[in-house]
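>>> Sharing a model prediction with you, sequence too.
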Amino acid sequence: MIYRSLGKSGIKISVLSFGTMRWKSEEDCHAIIARGIESGLNYLDTSTGYVEGKSLGWCGSIARKHRDKLLVSSKSNWAAAPDADAVQRSIEGALKKAGLDYFDFYQLWGLPNQEILKSALGKNGTVAGVRQAQKRGLIKHGLGFTFHADAATFRAAVDSGEFLSATVSYSLLNRRDELLLDYAAARGVGTIIMNPLAGGLLGKKDDAALEFLRQGDKGPWYGALRFLLANKSITTAIVGFVTLADLEQDLHALENPRSLTEKYRKSLGLRMAGAKLADGKFCTGCGYCHECPHGFDPTRFMQMFRDFTASGADPEQLGHWIGSQYLDVALAEELKKCWECGACEKTCPQKLGILDAIRRVKAHLARV
């Protein structure tokens, strides 16, 4: 395993780490974490809401058995815990759910703008709540933030000196915030990557455009992960392992570490620039929009919409293509569940035009 310091904290973290929002069962969760620990993975990113609220308890039950080998991080949204007392209650509730005595790190989830940052840094804000929790032994090392906002907000958070880490959505396909990773690293703030395979898009085995990421029988995930590992500004990449086989295959990305050079990284970036795939903002399958008040599943829809965009197919085939992915239900009837209320867009960290995508498919279906 390769380890890197989390910024100026000096805490060593494995370059691959556990994402915990895609478990299929508690059995899978335990098997993957146990095997990962054997392989040297030591960072676990959790939240109370993952896997319909089940993930934190599942992770906690296996983490208790290996507590000295795992760095466990949890998080809360500023809107749900806007002051110091609320943050401490959130931490206490998460620890109870996990069955743990403490978290190693805590994250201010989804930092959206400088106004919220100012509040979090204020006298009775998030930072104060975490500091108090540290004094009580509930948080061992300190606070980080997760990020989907503008560069100025990111730099202001880093420059505040209050955060040990920044968790950023970044991949070979989505390199918008690449310079921000360098900015954080240069100032002693650790960088943690979420969506390293672009929500699974860079793991598509049958996409000819990703051929340059393969090696032998290793799929495009291989080159996509090695692209991240070659960036010395990155501390760790959170991978949402679904099966034990996913973990075993991704460990191959660590082989021959001397070849993980800046020249290699730049070459992959140049080749990706010429590949015909989705670019910019796209659905990462995070599931934050899943709880539709009318029973529609925006997450499933947007992942299919994303894959259609990446396929390079004729736009006029959109309705047919999306419909072919809904063999279990009638697509027109499924789309009727969507009242276009906009609740999904409000929860989307990528700020995607979900309603526009839904309306496009409805329009296609109306013409056939």
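Received, thanks.
>>> Assess the claim that residue 234 and residue 225 are in contact.
No: in this structure, residue 234 is not within contact of residue 225 by C-beta atoms under 8 Å, at 10.9 Å. Placement of C-beta: from N, CA and C, glycine included.
>>> what about these two, which has more around it?
residue 225 (29 against 23; other C-beta atoms under 10 Å).
>>> what's the nearest residue to the more buried one if we skip its chain neighbours?
Leaving aside its chain neighbours, residue 225 sits nearest to residue 253 (3.8 Å; criterion: C-beta to C-beta, 6 or more residues apart in numbering).
>>> Can you report how many residues lie near that neighbour?
Neighbours of residue 253 (other C-beta under 10 Å): 26.
>>> now residue 42
23.
>>> likewise residue 81?
For residue 81, using other C-beta under 10 Å, the count is 22.
>>> what's the answer for residue 172, then?
Residues near residue 172, counting by other C-beta under 10 Å: 26.
>>> Please, which helix or strand holds the residue nearest to it when sequence neighbours are not counted?
Nearest residue to residue 172, sequence neighbours excluded (C-beta to C-beta, 6+ apart): residue 227, at 4.7 Å. Residue 227 is part of helix 221-229 when elements are defined by DSSP states H and E.
>>> so how far is that helix from its chain's centroid?
16 Å (C-alpha atoms, centre = their mean, to the nearest Å).
>>> got it, and stretch 334-353?
20 Å.
>>> Can you give me the end-to-end span of it?
19 Å (C-alpha to C-alpha, to the nearest Å).
>>> just so I have it, where are all the strands in the stretch 51-200 of the chain?
71-77, 103-111, 139-147, 165-169, 190-194 (DSSP state E, counting those that start in this stretch).
>>> and the last one with strand 103-111, angle?
Just to be clear, that refers to strand 190-194. Angle of strand 190-194 versus strand 103-111, following axes from the mean of the first three to the mean of the last three C-alpha atoms, to 10 degrees, is 70 degrees.
>>> what does strand 190-194 rub up against?
Applying C-beta atoms under 8 Å, 6 or more residues apart in numbering, the contact partners of strand 190-194 are 5-7, 9, 13, 17, 19, 43, 45, 144, 146, 164-171, 181, 184-185, 228, 233-238, 284.
>>> Give me the buried positions along it.
Within strand 190-194, the residues that count as buried by 16 or more other C-beta atoms under 10 Å are 190-194.
>>> returning to what we had before: separate out the buried members of the contacts of strand 190-194.
Applying 16+ other C-beta under 10 Å to the contacts of strand 190-194, the neighbour count classes 6-7, 9, 13, 17, 19, 43, 45, 144, 146, 164-171, 181, 184-185, 228, 233-238, 284 as buried.
>>> Point out where the stretch 201-350 of the chain drops to low pLDDT.
204-206, 274-282, 310-314, 317, 319-321, 323-329 (pLDDT under 70).
>>> what about the strands in it?
Using DSSP E, counting those that start in this stretch, strands in the stretch 201-350 of the chain cover 236-239.
>>> Now do the helices in it.
Here the stretch 201-350 of the chain has its helices, by DSSP state H, counting those that start in this stretch, at 221-229, 244-250, 262-273, 298-311, 318-324, 331-336, 343-347.
>>> which residues touch residue 125?
82-84, 119.
>>> try 10 Å
Listed by C-beta atoms under 10 Å, 6 or more residues apart in numbering, the contact set of residue 125 reads 78, 81-84, 87, 108, 116-119, 162.
>>> Skip the chain neighbours and tell me the closest residue to residue 339.
Per C-beta to C-beta, 6+ apart, closest to residue 339 is residue 294, 5.2 Å.
>>> So that neighbour sits against residue 334, correct?
No: with contact defined as C-beta atoms under 10 Å, residue 294 does not reach residue 334; the gap is 11.0 Å.
>>> Looking only at neighbour counts, state which of these two leads.
Taking other C-beta under 10 Å, residue 294 and residue 334 do not tie; residue 334 has more neighbours (18 against 11).
>>> Check the gap between the more buried one and residue 296 for me.
Between residue 334 and residue 296 the computed distance is 7 Å (C-beta to C-beta, to the nearest Å).
>>> burial count for residue 295?
8.
>>> quick one, phi psi at it?
With angles defined as degrees, to the nearest 10, residue 295 sits at phi 90, psi 0.
>>> Disregarding residues adjacent in the polypeptide, which is nearest to it?
Nearest to residue 295 is residue 337, by C-beta to C-beta, 6+ apart, at 4.9 Å.
>>> what about that neighbour, neighbour count?
13.
>>> so who does it touch?
292-297, 329.
>>> roughly how far apart are it and residue 296?
For residue 337, the distance to residue 296 - C-beta to C-beta - is 4 Å.
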